[in-house]
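Undergrad: coords please:
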Amino acid sequence: FFDAAAPDATPRDAGFPDTGAPDSGVAPTPCTASFAVIEPFRNVREQLPPNAGDAMSPMLSDDQRTLYVAAQVPGTGNNTNPRFNVFVLTRNGLGMDWGAARVTNLDSGGDSTNQTDELDLRYFAAEGRFWFTFIQAGYARIESAELQTAPHFFRDFIPEVAAFPETNQQYRGAALSGDGLILVSSHFNVATQKWNLVERTRPNVQASWSTQTPLTALSSSSDELDAWMRPDGLFLLYASNRGGDFDIYCSHRSVRTAAWQAPVVYGGASLHTAGADERAPFLFNRELLFSRRSGPGPANVSLAR
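TA: A predicted model of the protein is given here:
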C-alpha cells in the first residue's frame, strides 16, 4: 500500500508521490506557480456523508487510489457539536471516480465517547506511522497511529509527547521531512490567541527533538495552519488568514541550515479568489490538492493543475 522506493535520491514520505516542486538549488523562484484549472477533486463531496460539512486535510497515496479526508459531521449522544472525523475513499485506477467514503477509527484511539476531532493526517515514513491532530474538549495535540491492512483501521495510538514535551501547550498540523529530522507544526500562542509556526530538528531518528524555534519570518499576527513540507525539508506550504481570508503561502530555503525565505502567496491570482478560503495544501506531481470554500456552502477538496 505504501511504497518507500523513490524514483530518485530525494528523501520523501514513503507511499506518497514526489511533489514535482522545483528544487531550490535548480530554480531561482521555487515558490512561483501558476495553475490553469481549479476544480472539485472528482466526486469526493458526493461520496462523503450527506450531512458532512467542511472537507479538509486531503492526503493521497502514492498510487493515487487511496484518499484520506477530514470531514466535519454532526455530533452524537449528549454532545451535538460538529466534529471532524477522518474518512478514507478508494478507487480502482487513475481518472476514475471515488467509491463511498468510509470513516476510520482514529477517534476511538483517544475517546470512547466519539466526541473528538481528528484532522491533519500525514504519513511519517521514518517511523511508518501516521501523525494527526487530535482535539478533545477544545484542546489540540499531536498523536500517531499505525495502519493495519485495511485502509480504514488504525491501531497503536500514541500521543507524540517525545516531539511535543511541553505541558499545557497546544499543537496541530505536524509536517515532517522524509528522513524524520525536521518537524514543522502550528503552536497556539496563549498571549495572542493565534496559531503560529514552530520548527524542531534532531540529528537522527533515535535522538531527542530540539526545543521549538518560532518561525517568526513565516508567522504573523494572524493564524498559520496546515503546514505541508516537501520531504527534503527545503520547501514549505501553509495556510494563513493574515489577509482576511485563508490563502496558501509558500517559503523555501537553499539548505536545511539556512533561514526560511519570506513567504509569498502560492499560485497568486491563478489560485486565490477574494472572499474564498484556501487551506490544507497537499502537493503532488505538480498538482495541488487543497480545501477550498467559496460562498456559503462547506469547504470542498479541490484540485489545481
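Undergrad: can you pull out the helices in the protein?
TA: 44-47 (DSSP state H).
Undergrad: which residues of the chain score low on pLDDT?
TA: Scanning the chain for pLDDT under 70 picks out 1-29, 76-80, 108-114.
Undergrad: could you tell me which residues make contact with the residue nearest the centre of it?
TA: Closest to where the C-alpha atoms of the chain average out (C-alpha atoms, centre = their mean) is D120, at 4.5 Å. When contacts are counted by C-beta atoms under 8 Å, 6 or more residues apart in numbering, D120 is found next to 57, 70, 131-133, 172-174, 226, 280. To be clear about C-beta, it is placed using only N, CA and C from the backbone, and glycine gets the same treatment.
Undergrad: try F246
TA: With C-beta under 8 Å, 6+ apart, F246 has these contacts: 225, 239-240, 277-279.
Undergrad: closest one of these to W260?
TA: S240 (13.7 Å; C-beta to C-beta).
Undergrad: what is the burial count for the closest residue in space to the closest one that isn't next to it in sequence?
TA: Nearest residue to S240 in three dimensions, chain neighbours excluded: E224, at 4.8 Å (C-beta to C-beta, 6 or more residues apart in numbering). E224: 25 surrounding residues under other C-beta atoms under 10 Å.
Undergrad: and E224, how far from Y266?
TA: 13 Å (C-beta to C-beta, to the nearest Å).
Undergrad: any shared contact partners between these two?
TA: Common neighbours of E224 and Y266 (C-beta under 8 Å, 6+ apart) are Y249.
Undergrad: and the residue nearest to the centre of the chain, how close does it get to R279?
TA: 11 Å.
Undergrad: so what sits against both of the two?
TA: D226.
Undergrad: which residues touch the residue nearest to S240?
TA: 186, 195-197, 218, 238-240, 249.
Undergrad: again, but for P165
TA: By C-beta under 8 Å, 6+ apart, P165 has no neighbours at all.
Undergrad: phi first, then psi, for T216.
TA: phi -70, psi -30 (degrees, to the nearest 10).
Undergrad: neighbours of it, how many?
TA: T216 has 11 nearby residues by other C-beta under 10 Å.
Undergrad: follow-up on the earlier one: now, which of the contacts of D120 sits nearest F154?
TA: F132 (9.2 Å).
Undergrad: find the nearest non-adjacent residue to that closest one, please.
TA: L121 (4.5 Å).
Undergrad: got it, and F246?
TA: Using C-beta to C-beta, 6+ apart, the closest residue to F246 is D277 (4.1 Å).
Undergrad: check R293 too.
TA: A299 (3.8 Å).
Undergrad: how much space between that neighbour and G53?
TA: Taken as C-beta to C-beta, the span from A299 to G53 is 8 Å.
Undergrad: higher neighbour count, those two?
TA: A299 (23 against 17).
Undergrad: was I right about the more buried one contacting D54?
TA: Yes - the pair A299 and D54 passes the contact test of C-beta atoms under 8 Å, sitting 4.1 Å apart.
Undergrad: who touches both of those two?
TA: With contacts defined as C-beta under 8 Å, 6+ apart, the residues adjacent to both A299 and D54 are 291, 293.
Undergrad: which of the contacts of D120 tops the neighbour count?
TA: Neighbour-wise, the contacts of D120 (other C-beta under 10 Å) top out at A280, 31 neighbours.
Undergrad: that one is in contact with R292, isn't it?
TA: No - A280 sits out of contact with R292 when judged by C-beta under 8 Å, with a separation of 9.2 Å.
Undergrad: neighbours around A207, how many?
TA: If we define neighbours as other C-beta under 10 Å, then A207 has 10 of them.
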